[in-house]
Structure formats: C-alpha cells, structure tokens
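**Q** Here is a sequence with its predicted model. Questions after.
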Amino acid sequence: MQKDIILRIVVTALMLYGLCSLASVRGELRRTEQLARELETQYTALEAERSDLEDRLEAAKSPEEMERLARRRLGLVFPGDRLFYFVPGGE
C-alpha cells in the first residue's frame, strides 16, 4: 500500500516535470521560429540589395555611365568643352 502511494507520487512528479519541460521547449520553439522569420525577412532584403548593387555595377561598366560618373564625381571634361561657373549672389 505504501509502495503504491510512493509510486504514484513519483509518477505524478515525473509527469509534472515532463509537462514543464514540454512547455519550456514549446516556448523556445516559438522564439526560434520568430527569429527564423526575422532572419528570412533580412535575407530577402539583403538579396534584393545585392541584386540592385549587381545591376548598378553592371551598368557602371558601360562607357556612357563611366563618362557620366567621371564628369559628375571627378569634374572631368573633354577637350573643347565649355565650363560655366555660377557664383551664388554674383551678377
């Protein structure tokens, strides 16, 4: 009789421990799934950015784009080009 009671207490305690462990694992699983969704969103954004950068790099290889960048960023001009300087407030 006493062994029966002890056995029931032990089995009940093990079941409670199992349920608590299961709840903990489920919570961790939810957090991991949320993190996976966030990382997937970041991955998609980075893939789009990479694709855009590859397109821009490919476009920059064209002679027209190189000329445009040389003129705009470096201030280079072709021989014979006329330059006009505008001074703010000047007449």
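**A** Yes, it's here.

**Q** Show me the shaky parts of this protein.
**A** 90-91 (pLDDT under 70).

**Q** Do a quick rundown of the helices in it.
**A** Listed from the start of the chain, the chain has helices (DSSP state H) covering 2-60, 63-74.

**Q** show me the contacts for residue 16.
**A** Residue 16 makes contact with no residue under the criterion CB atoms under 8 Å, 6 or more residues apart in numbering. Placement of C-beta: from N, CA and C, glycine included.

**Q** Put together TSV for the helices of the chain, with distance to residue 84 on each row.
**A** As requested, the helices of the chain are exported to TSV (distance: least, CB to CB, whole Å):
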stretch	distance to residue 84
helix 2-60	27
helix 63-74	14
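
**Q** out of these, which comes closest to residue 89?
**A** Of all the helices of the chain, the one in closest proximity to residue 89, counting by CB to CB, is helix 63-74 (24.4 Å).

**Q** and residue 1, how many neighbours?
**A** Under the neighbour criterion other CB atoms under 10 Å, residue 1 is assigned a count of 5.
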